[in-house]
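# turn this into a structure:
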Amino acid sequence: MLNRQLSWAFKSITRSKTQTLAAIVVTAVTIFLVAATLLLGIAGTNFGKTAKARFTLPVYLKSTVDKAVADNLATKIRQMQGVKSVEIFSPDDLLKNEAQNLGMRSDEIKDSIGFNPLPYSLIVTPNDPNDIESIATQIKNYKDVDSVEFESEVIKKFSNLFELFKWISVGLGLLSLLVSSIVISSTIALSITARKEEIEIMSFVGATPSMVKGPFVIEGLFYGLLGGGLAALAVYYGWSSLQNVFLTNLPWFNLSIDKMTFIYIIIGTIGFGVFVGLVSSLTSTNSNLRRIRS
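Sure, this is the predicted structure:
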């Protein structure tokens, strides 16, 4: 029974090589888009989380503040809701950093001015960059704080950009799923139409519905499996090339993904192809066979 269904399925597949090739290519391309979009979504989300963690709030204290006051203020800020960490920088630390940026020694700058003009400062890291503005407002209320610097608009635009990126990834994935389903369903419908007389004869001699549906379901699985397999190969060998392109043109955009996650996506790409092929062929077979019988 199974051998007969396999034979009939592959007769349909090889009957129209152009139709079969088109179905496989379009399925592979659309499933590849799903996998690539998912990879980009994961990489973009990872990058967004990493980049967001780098948003900090520089707090400059008044020139009269000494180490004890700076330590006390840092302790109070650490206890504020939404604050992840607070780092203290002494005037000597800041002067050393400025000297490195200028290509000089800190003692040279201090000798030329006669004193260290830089005050104590704090670097506040929030749990959520979107909370920076409210945290900054609270910190400004402390009498020992001279100024707080942050760019709320830049942070908001950055957060909105990656939120939009995630929705674009989801949209492209759903669109690719729709296209691949339509292609496989249409191909199965054409196969059923081409074998209309054979189906009617099989039904007349008492063939069960599963015997009639079997070859077309196998055909759909073939398109899904082969399309998913080709898409997985393209993702496997193309991802490193895409990473190199981004590294060359957008070096700040890191597309690194955990190795196991990448392997799961490769396996999932093949499984997704099989799933699309199965569902599309079942849907198309049921609707078209019902039309023939009626």
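
# pretty sure D71 sits against I88.
Yes: using C-beta atoms under 8 Å, D71 is in contact with I88, at 6.8 Å. Just so you know, the C-beta spots here come from the backbone N, C-alpha and C atoms, and that holds for glycine as well.

# so where's the stretch 101-250 of the chain shaky on pLDDT?
106, 109, 111, 150-163, 165-166, 194-195, 198-209, 246-247, 249-250 (pLDDT under 70).

# report the contact partners of the nearest residue to S281 once chain neighbours are set aside.
Distance criterion C-beta to C-beta, 6 or more residues apart in numbering; nearest residue to S281, sequence neighbours excluded, is G220 at 2.3 Å. By C-beta atoms under 8 Å, 6 or more residues apart in numbering, the contact set of G220 is I184, I188, G277, L278, S280, S281, L282, S284, T285.

# which SSE is G220 in?
In this structure, G220 sits in helix 209-249 according to DSSP states H and E.

# next: M104.
Assigned by DSSP H and E, M104 belongs to no helix or strand.

# need the phi and psi values for it.
phi -130, psi 180 (degrees, to the nearest 10).

# who are the neighbours in contact with T37?
Contacts of T37 (C-beta under 8 Å, 6+ apart): S169, L172, G173, S176.

# how about it, nearest residue that isn't a chain neighbour?
T37 sits nearest to L172 (C-beta to C-beta, 6+ apart), 4.5 Å away.

# helix or strand for that neighbour, which one?
In this structure, L172 sits in helix 152-194 according to DSSP H and E.

# ok, now V86?
Assigned by DSSP H and E, V86 falls in strand 83-89.

# export that strand as PDB, just CAs?
Only the C-alpha atoms of strand 83-89 are listed here, as PDB (Å, rounded to 0.1, in the frame of the first residue of the first chain):
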ATOM      1  CA  VAL A  83      19.100  51.600  39.800                       C
ATOM      2  CA  LYS A  84      21.300  48.700  38.900                       C
ATOM      3  CA  SER A  85      24.700  50.000  40.000                       C
ATOM      4  CA  VAL A  86      26.700  53.100  40.900                       C
ATOM      5  CA  GLU A  87      30.400  53.600  40.200                       C
ATOM      6  CA  ILE A  88      32.400  56.400  41.900                       C
ATOM      7  CA  PHE A  89      35.100  58.300  40.000                       C
END
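
# which ones are touching the most far-flung residue of the chain relative to its centre?
Distance from the C-alpha centroid of the chain peaks at G114, with 53.7 Å (C-alpha atoms, centre = their mean). Contact analysis of G114 by C-beta under 8 Å, 6+ apart lists nothing.
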